[in-house]
Each structure stands twice: as C-alpha cells, then as structure tokens.
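In: My questions concern the predicted model and sequence given below.
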Amino acid sequence: MASYVRPTSLDEALDHLSAASINAAGPVILAGGTDFYPARVGRALDEDVLDVTGIPDLRGIRETEDGWRLGATTTWSEIAHADLPPVFDALRRAARLIGGVQIQNAGTLAGNLCNASPAADSVPPLLAMRAKVEIHGRAGRRELPLGEFITGNRRTVLKPGELVAAVLVPRPKKDAQSVFLKLGAREYLVISIAMVAVVLETEGNVVSAASVAVGACSAVAQRLPYLESELIGRRLNAALANRVKPEHFDMLAPIDDIRASAAYRREAAIVLVRRALTALGKQKGN
Amino acid sequence: MRLIVNGKQHTYHGSPAKRLSDVLRDDLGLTGTKVGCNAGDCGACTVMMNGRQVCSCLTPVGQAAGQPVVTVEGLKAHGSLSRLQRAFLKHGAAQCGICTPGMLMAATDLLAETARPSEQQVMDAIGGVLCRCTGYRKIVEAVLDATRTPDLPPQPRLGGAVGARSMKVDGQAKVEGTEKYGADYIPADALWLRVIRSPHARATFTLGDFSGVIGKYGLERVFTAADVPRNGFAIFEAKDQPVLADGLVRYKGEAVVALVGPREVVEAVRPDELPITYAPEEPVSGVIAAAAPDARLVQADKPGNVLIRGNVTKGDVELGFAQAAAVVEGQFRTSFVEHAYIEPEAGWAIRVGDRIEIHASTQAPYMDRDEVASVMQLPPDRVRIVPTACGGGFGGKLDVSVQPLIALAAWNLHRPVACVYTRPESMASSTKRHPARIKAKFGAAQDGKLVAVETHADFDTGAYASWGPTVANRVPVHASGPYLVPHVKNRSCALFTNAPPAGAFRGFGVPQAAIAHETLMDDLAERLKIDRLEIRHRNALRAGDLTATSHRLEHSAGLAACIDALRPQWQALKAEAEAFNARRKGVRRGVGIGCMWYGLGNTSISNPSTMRVALRADGRVFFYNGAVDIGQGSNTIFVQILADALGVTMDRIDYVMGDTDRTLDAGKTSASRQTFVSGKAVELAARDLRGQILRLANAGDNATLKFEAGALSVEDGGVVRRVDLAALPRLSDDGDVLLGEGRFDPPTTMLDENGQGVPYATYGFAAQMALVEVDTELGTVKVQKIIAAHDVGKAVNPVQVEGQIHGGIAQGLGLALMEEYLPGRTENLHDYLIPTVGDVPEIEVLMIEDAEPLGPFGAKGVGEPGLVATAPAILGAIRHATGVRVTEVPVLPHRLHAALKNLPQAAE
C-alpha cells in the first residue's frame, strides 16, 4: 500500500524524503497535482507521495534584502494577484496564461520548474528575472541559477532527497519593466507554440540591463545573450525592436511537433521578441 | 479524514492520494461532479475548494481535509435553484449538460468575487471548462444575466408551444447535477471491465495463459475473442469489427482482451505483465498508400483496400465543361477529427434472468439492442437498452463501444459489470471524422451560372467500415453544393487503412466536401468578376429545381432567402474590413461566405420513427419516446409538438426516453432527423390520440380539452362533455387508458446506378458569413463574427435552434482552424485542441422559415447545417484578408504562415 505523507515543516519533509530515498527512488513530490495526476490517467495511484502543500514556510511571497523570495508552493493565482513591482509583470502575465483558473489556483511555482517541460510558461519570465532556485536537502541548502537547475526536457539537477523550497528573484538595480507574450493555437488552455519574456532595466531612458528569454523553442527555455548585449546602451523607444536580428536566435533549437514546425517557431520567436520590445518601448514612451 | 462538502461533514477512510473527484462520486455519491479527462484539460470536474475553483480530478483528497468544498449539488439555496442555475435554464446554456456542473462552479467562483462581471471576465473565469455542444455563447449570456434576477420563461399557453422559447424539459436535472449519465449511478456491487488495447497500428498477436495474472491480481475473469458468440459488429452487414481482436489488430487502440474484476484490481494491472505477444507489421497509413497497387490489405477480403465507391452522374460533364466560360479546379485535404464529447463512453450491464439489460450513453438504442443481440446471439427481445443521458455524441456514439463488452461479461458472470473509458482510451478507440482528399472541377457560364461539376473524394475510413458507406453515399449527392447544376459527375471512394475507424461525425463527409465546393465558387467569382455572394445567389437551388440526383424540390428550399438575409451585412462588413486593412499593418481582416445543403435522414434507406402517446386515468399524458436526446433538445421539441398537436399544455406531459422495453423504435439520433422524422411521428401519434378522445366525446376537431381531477372535459361549440378517464379500461399497469401511435418514414427512393433518384425527403439549407482577423506575421486567425442564416422550415424552439447552430459553428471553427487528430499522438484534450470560450466569436442567427409540408408544423432539421457552412466561410474570409487560398485544414498558424510567405507578392 502506497504511503501519503503531508508534513507541516520543511525539516519533517526532508527527514521523510531522505529516509525514504535510501533504498528506493523515494516518494513522488506532489504540490498542486496539476502534473502528477495527468501523468497517471487510467493508472492505479500506487506510488509513495510526499505532499508538500501543508508546509507554511514553502508558501507565499516575501520581500528580502536582495529581492524577493517566492515560496515553492505559491500558486499561480497568488502570484497573479500579488502586489509586486513591474519587473514581475511578465511572470504575473504568464501566471494568468497557465491552464485555466482552476490550474492557476492549484498549480505551483516550483512544480512548474521541477516538471521541466520545454513549454513551461513560467520559465522564460523567471530566466529573464535572473531567478535562482533554493534547494534543500539533508546536506543543507544550495542556490542555483534557474538556467542551471533545468538541464533538459523533463530533467533537473534535483537529487533524491532534495526539494525546491523557494525561487529567489534579485532586486533590479534600476527601473525595471517586463513583458510576456505567449503564442498558441487557441485562446485558453493552450500549450505554448512559443513564448517570450523580456526584462529591461533603464537609467534615464537608456537600457542598462536586458534579459530576453524564449520558451518552447528548445529543450530548455533560453536567454538570448547576443541580443541582450545589443540592447544595452540603446534608448528605450519604439525603435528598439529594430535591433533584433535573426542571428540572435541561432542558439535556439526548435523542433517540429504537432503544434508547429521548427521553422515557424523560430520566426514566431523573432516576431514575439520584436513585439515585446515594441510594447516596452511604448510603455516607456507614455 | 474529515471532509466538509456542501456544508455537510463526512468521514473518509481511504487513500489521501485519491482524486477528490473520485471521492465525491464514489465515496460520497455526489455524481453531479463529472469526470471528462482526469487531466485538468476539460474542467468538467470543477468544484469550489476553500472558496476557489479547482479541478477535483487534480486534487488529492488529502488536501481537501477540513476545507469547505462546494459541488453543483450545493448550489441550490433553500431548495430552489440559484440565480445562476435559473439563468442557465432560461438561456439554454446546458445542452447535453455534461460540462454544466463545471461551468456553474467556475461561474460561481467569478460571481462570488465580482458582482457585475464584464464579458471578458466571464470568459476568463470559465476559460478552463470545455463545452462541445453550445458554442459557449449562451453560457456567457447566462452568466452575465445571472447578476440580475433572471425570470424563467413562462409555460407556453395552450396551443402556443410550437415556436416558443421554452426551457428544456430535462434542463432542471442538468443544472442541479442530478442527471444520470453513463458513468453515474453504477450499482455499488458492479464489477469493472477494463479493455486492454493494441499499442500497435497493425500487428498479429498471440495470447498466453492468463491464469497467473488472474491469480496474482485477483481478477474475476479475462475475456478474449474466443468468448464472444459472434465476434463482429458493424452498422452494415459485413460486421467487420471484432468485439475483441482475434490474433490480428488493425489499429492502435483496438480492443484485444477485457479484464474483469473489482475496480481497483483491474486498474492495478500493468498491461506489460499480460501474456500478449505482438508481432508488429508495417501499417497502411493514409489513402494514397492504401490505394497503391502493391498496398498490403487491411482486411483480407477487401481488394484494393476499397470499402465502397459512390457515384452521382447527371447529364454529360464533358459537354457541360465545353460550354463553360470559366473552369476552375482544386485539390483539398482534411484531417481526422475527434468528436471530443466531454463524456467518455460509459455504461453498465446486468443479466436479468435470460435477458441482458444495458444502461449506457448512446445515440441509437435500437441499433445497440440489435447489435448486442447479434454479438450475444440472442433474440433482440432478450436485450433491453436503457439509455442514460448522453454527454455529447455528434455521431461518435452511434457505434457501440462498451455495450457488447459489458453485455458479454455481465451475461457470463451473473453480476453487474461496468465500463468507463478513460479519455485517452476514448480518443484512441472511437470513430473519427473521415480525412478526405478531394479533387474538384467547377465550370460556369459568363453570368456565373454553373454548367458542370466534377468531383472525386477519397476518404480514409480507417480499419473498419463503421459509417464509411454512409459517407461515401452521401457525399456524391452533396458534393456539387446547394446549387443548380445541369451536368454532374461526383465520385467517392472509402479506403481502409490502419487507423481508427472513421465513422459518423456531424455532417457525414459533407463538411469536407463543402470546403471544396465553396472554395471553387470563390474561384469562379474571382475569375468571372462576380461578387461572391451574388454568384451563390444566382446558383442557389430553389423550389422547382432539379438536384444533382434529379430530385425535383417541391418545397422548402430557402437558400436564396438565406443569402438575401446576409446581403446587408455582407456589404457593410466587406467595406469595414477594407477600411481597416487600409489603415493597419500586420493584421488584415476579411469576410467570407459559405453555403450548404444537407439531406435530412438516411440516404435512400427507409428510416421510420414510431412514437406512442398515452392518456392516463389520472389525466396525465404519457409520451413513450423512442428517440434519444443527446443534448440537442429532442425531448423538449417533441413535448412542444405533442402539446400543440394534442391540445394540452406542456406541463401535462411526462415521458420516458429510449428504453427499448417501453418505447418503439424511433431510429437513431443522427442525420438531423429527429425533429423532422420523429417529430412528425410524435405529431401523428398526438393527433391519433386526440382523434380517439374526440370520438369518445363525440366532439369535433376544434374542441378544447380540459382536465380536472380524474376527468377530462371536452368543450366543443359551447357544449361540454365529460369523459370519466378512471372508468375506461386500462391498457397498461401504468394506467394508460387511451393510446395514440404515429409512424413516419420520409418518402425517398433508391438511387439508380447513376445515383439518380430521391435520396432524402427534404433538405436543410444555410448561408453563413464570417469576419476574421489574420495576424500576418504569426499566421494566427481570430474569427470575430459569424452571421448564420438557416432555412429551418419552422423553428419549433428558437432557443434550441440557435443552440444547435452555435454548437455547429464552434465545431466548424475547430475543423477549420485547430482540430487535427493524429493517431497515437493526440489522445488527450491538450494535444488535441477544440475551441474554448475565447475562440468562439459573436454569432448572429437569422432564421428563415420556408415551411416543409412533410415536417411537423413545417419543421426541418438543424443539427448539422451550422457545422457544414462554417469552415468554408472562415476559409473564404482568410482568403479575402490575405489572398491565401487555403486547401488544407486545419489552418494551424504555421501552415498559414508558410502559405503567406509563398504568396506571389506579400499581402502587404
């Protein structure tokens, strides 16, 4: 008979996780259930489960000295409704586009990262915010940039006995704005064909820091460093989008699948990035 | 564990990992919460937990402990319907009703937070719930109206039922969550049947000894092909589809063996532990491969992989094309399309003495009865089909699914046996819309009048015949469009492949053909410089014209009137689109038009309906209704017809639906035939009963019936005669004292070797226009408006007519823009996309009532036409917007993007 444990503290969760992980793969970590159950349609629920939603420390958004700490089990609805500065606009927009409201009410931040789908809508905004992942295990606590945490399609560096406790977002040095655009073949409940997130920091209307991330166009969402360096030092206005060149996207490796062709994805990513920059340029103009 | 559901405390002892939806349904008996996918893709299971909407199928019950949960059963306040529930009834927001609980809960979440939501807020709130019937517009209207205090429409006055915007007679159960679908109310002691399906598109296989697996898991029994008395079923005589495959599987998802045991036992079995050894073979994929001279055969006795060929030939097309001022040609391609009803196939069976009784979701109880009888080798009168409510059918529940399997198991095990398909199982195993490859050539004179049409359509009918013959016969009749054409040569061929069987799907091949004929009509308009609407108006079939099968239409051919109804908005929207395009870059708008016709009922095959109406000793009218309402509303339509034909009000009528022990055969719910055919039988039955009453009272035709306790007064010309119903001899234990019967079989003839004759008694006609906006950089299409003009003969219930048209439009939009079933790759509702609330635009319905004298009160059918005309209108609009002539659907963004790049000169 499979076990189901729902601890109320992080230590309790880690104790359980390490004890259970000694001999076997360990329990499946369950939070919002929005990936767990769909993977088990028509199958007996016969795995050991560690439900981490009963741990108050893992939930909620807190401002820290360096930025913000977003608890692992914070839901998309909580993020969408939180009072956060404009650097979070992209993430908050993504939060409203993940599944329907039901999914947003249950699905969690760390769940989306640990599931590591190439089409995870939260990854481009978090990459663009240079977020770090806070991992806890019996050996202690470590922090990793999100780009190093997800290593491939459905793969992360998380080891048996470890869990993600929080996502850490650094405070921008200057004024920061962000935007998220998602492309799918229908209006709601749609897996992205491509999506982009852009965060720009500006000083006196000049871009001082830029990050541009593209999702669903490679096994893991990617930032576009060549484009980012092209943007730095430019004036933030409607013309900024003209800086975007197709070769900035060469590091993407889109695939053909049921949703779109690889060639289309690449071109769509370019269009979306241009539009995102145009939108930010216009915002600033107002 | 303590659960608080709808304010009541419950104690639960099972696994905390169990889905909340399963606990609600199985442990607490709250079956109002529906399960459509178990994956968060459809939202049917939406409940409120701790004040917020969640998918109960994704919620471990452990997380619900101590949290307030509200389900649809908790919406009523003080025993009466909530404002939201009343608004759903008033607006006809529930059709089949399977998504209704989820919609109600999602909307409840919104209304708790937002007293006066905008339309956008409503769409955002219910965007996570899929509906396949309504096209969503009436749901949105209902939620917006719920913020006021909606009054339910009044009961139609005596004699005023036909034509009234009356509520559904079965609507209350749907909004309360008490309606019984296939997976609801399964007896607690039922065993469960799980079908093990082929993972290969084509393979031979051998079965080993199952005793080890049976012993290890504690299975009751494993059924194989050897256990099936007659191991073949099909609509047509060939009976080519095995109930359980016999050594050879012909598509991925085909049933191989059936495991029976307690539910948790059959669910625990791992398919890889079963002694089934497959030897995969190269599958035949697509019609080109199937037709190749060296193609392997899918069915050994079907040479050339040909199921059937169809043919309609009139006049001499060579002569016709020689006279044409313009000849246009095209090749078109469509995909498999999935019905995606939100209720997966489900039901249960029980052996009662030497009879078998089946409670299942179906569109065709009498065909199910005969099919199960054939499989079990029992006389049909030893099979009883009791249809549950049907949570969406659209043609997909015309074929049997669970029925023969649960019959076989319940018969042999003497225990009730239930089977509920999972969503992937439903999508892998059930029938699909036929993919088509169509070649067409249209010729017209200088004035745009068609002179000749030649078409050839190849259909991929999958591994088994299913309704392939119907498609192959229906399409040549319709392929030249709803137009007067002197010379016609329409051919079709259905080919077997190693794909899921393609069967019946709303339109039976006509939606595919309409894409071809309407694109070519646009080609002719362009070539001859005639307005696209005008050229259709000039060619529209009118009363007195000969169809492609040389059937002279006598009445009710209202296409020209439909086109005329569109005319003002056609001009206005075209001008608006052109003005918009002149000032915007990167987006372009366009307007398109699609016309259609559709023969109602079976093609040249007798399809009678027989209905009975009783007057009971207590003064109630009891309606023995053999037709299944699959959400389209036939229960309500029939009661409206019955009320006016008999001369009573609707509230006097009770009914039973589809129970084969209690009703007579009213045919299947398909081919838009129930209002027209069964509705006529209802009218005749009611008139028969009325005649008997009037004779008893010695009254004339204009008499009025009045009921008082136990007695009937018949008033005629000021004279009142009392009939003591209780004194009449009883015809049944239920208290029937008078019984009227009506039978109607639409008059048709066989088609000759050239396909000439009268295939249908009457036709539905429609003209629709679409306004779209295309993002030319991304290739995405947003449909902004649909205006649909339909000749319905007579709208018996305008709310339901609108509902059918809305729903058909949503499915047509899906066909045009997003729906593509790829066997083995899209067997869930996140990879297979159907329209959401945000995809269906504003819809304006214009009803043309060109009465059909054969139909009840002049009515025809309207189930399929809305779908047929939609894709052509959208494709025409895309072409108007961008110049891209689309010949393949769905027009996914990457396809339109590629086509835009291939235009001779860029659209801008």
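Out: Yep, it's here.
In: Who's the closest spatial neighbour of residue 4, skipping the chain neighbours?
Out: Assuming you mean chain A. B:Pro16 (4.3 Å; CB to CB, 6 or more residues apart in numbering or on different chains). From N, CA and C alone the C-beta is placed, and that goes for glycine too.
In: let's do chain B instead
Out: B:Pro68 (5.1 Å).
In: Could I get the phi/psi values of the one you found?
Out: B:Pro68 has phi and psi values of phi -70, psi 130 when expressed as degrees, to the nearest 10.
In: Surely it touches B:Val47?
Out: No: applying CB atoms under 8 Å as the test, B:Pro68 and B:Val47 come out as separate, 10.4 Å apart.
In: Would you mind telling me which of the two has more residues around it?
Out: B:Val47 (33 against 15; other CB atoms under 10 Å in any protein chain shown).
In: Could you give the bridge partners of that one?
Out: B:Val54 (DSSP bridges).
In: and the stretch 101-250 of chain A, which of its residues are near chain B?
Out: A:101-103, A:105-106, A:183, A:185-191, A:193 (CB under 8 Å from any CB of the partner chain).
In: how near is the residue of the stretch 201-350 of chain B at minimum distance from chain A to B:Gln512?
Out: Closest residue of the stretch 201-350 of chain B to chain A, CB to the nearest CB: B:Ala268 (4.3 Å). Distance of B:Ala268 to B:Gln512, computed by CB to CB, to the nearest Å: 43 Å.
In: who's more crowded, these two?
Out: Using other CB under 10 Å as the criterion, B:Ala268 and B:Gln512 rank with B:Gln512 on top: 30 against 18.
In: which residues touch the residue nearest to that one when sequence neighbours are not counted?
Out: Leaving aside its chain neighbours, B:Gln512 sits nearest to B:Ala436 (3.9 Å; criterion: CB to CB, 6+ apart). By CB atoms under 8 Å, 6 or more residues apart in numbering or on different chains, the contact list for B:Ala436 reads B:Phe332, B:Arg333, B:Thr334, B:Ala457, B:Asp458, B:Phe459, B:Asp460, B:Gly509, B:Gln512, B:Ala513.
In: Pull out the buried members of those residues.
Out: Among the contacts of B:Ala436, the ones that count as buried by 16 or more other CB atoms under 10 Å in any protein chain shown are B:Phe332, B:Thr334, B:Ala457, B:Asp458, B:Phe459, B:Asp460, B:Gly509, B:Gln512, B:Ala513.
In: Among those, which pair sits farthest apart?
Out: B:Asp460 and B:Ala513 (14.6 Å; CB to CB).
In: residues near residue 115, how many?
Out: No chain was given, so I picked chain A. 17.
In: Switch to chain B, please.
Out: 7.
In: isn't it right up against B:Arg148?
Out: No: B:Ala115 is not in contact with B:Arg148 according to CB under 8 Å; the separation is 11.0 Å.
In: Which parts of the stretch 801-908 of chain B are helices?
Out: Using DSSP state H, counting those that start in this stretch, the helices of the stretch 801-908 of chain B run over B:865-882, B:893-901.
In: who wins for proximity to chain A among those helices?
Out: That would be helix B:893-901 among the helices of the stretch 801-908 of chain B, by CB to the nearest CB, at 3.5 Å.
In: Next, the angle from the closest one to helix B:865-882.
Out: Per axes from the mean of the first three to the mean of the last three CA atoms, to 10 degrees, the angle that helix B:893-901 makes with helix B:865-882 is 40 degrees.
In: what does helix B:893-901 contact?
Out: Defining contact as CB under 8 Å, 6+ apart, one finds that helix B:893-901 is touched by A:183, A:185, A:193, A:260-261, A:263-265, A:267-268, B:774, B:776, B:778-781, B:878, B:882, B:884, B:886, B:888, B:906-907.
In: Then stretch B:310-324?
Out: So stretch B:310-324 is contacted by B:327, B:441, B:443-445, B:451-454, B:472-477, B:479, B:485-493, B:546, B:548-550, B:751, B:753-756 (CB under 8 Å, 6+ apart).
In: out of those residues, which are buried?
Out: With burial judged by 16+ other CB under 10 Å, the buried subset of the contacts of stretch B:310-324 is B:327, B:441, B:443-444, B:451-454, B:472-477, B:479, B:485-493, B:546, B:548-550, B:751, B:755-756.
In: Which of the three states applies to the spatially closest residue to B:Glu708 that is not a sequence neighbour?
Out: Nearest non-adjacent residue to B:Glu708, counting by CB to CB, 6+ apart: B:Gly619, 7.6 Å away. Secondary structure, DSSP: H, G, I helix; E, B strand; the rest coil: B:Gly619 is coil.
In: residue contacts, B:Gly619?
Out: B:Arg652, B:Phe707, B:Glu708, B:Ala709, B:Gly710, B:Ala711, B:Leu712, B:Leu725.
In: Kindly recompute the last result at 10 Å.
Out: Shown in contact with B:Gly619 (CB atoms under 10 Å, 6 or more residues apart in numbering or on different chains): B:648, B:652, B:705-712, B:723, B:725-726, B:735, B:737.
In: One more: B:Met650?
Out: B:155-156, B:158, B:160-161, B:164, B:166-167, B:169, B:621, B:636, B:639-640, B:642-644.
In: Closest one of these to chain A?
Out: For the contacts of B:Met650, the minimum distance to chain A (CB to the nearest CB) is 28.4 Å, reached by B:Met167.
In: Is that closest one in contact with B:Lys90, as I believe?
Out: Yes: the criterion here is CB atoms under 10 Å, and B:Met167 meets it with B:Lys90 at 6.9 Å.
In: shared neighbours of these two, anything?
Out: B:Leu152, B:Pro153, B:Val799.
In: Now the residues you listed in JSON lines, please, with extra columns for secondary structure, neighbour count and pLDDT.
Out: Listed next are the shared contacts of B:Met167 and B:Lys90 as JSON lines, based on DSSP: H, G, I helix; E, B strand; the rest coil; neighbours: other CB atoms under 10 Å in any protein chain shown; pLDDT from 0 to 100:
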{"residue": "B:Leu152", "secondary structure": "coil", "neighbour count": "13", "pLDDT": "91"}
{"residue": "B:Pro153", "secondary structure": "coil", "neighbour count": "14", "pLDDT": "90"}
{"residue": "B:Val799", "secondary structure": "helix", "neighbour count": "21", "pLDDT": "98"}
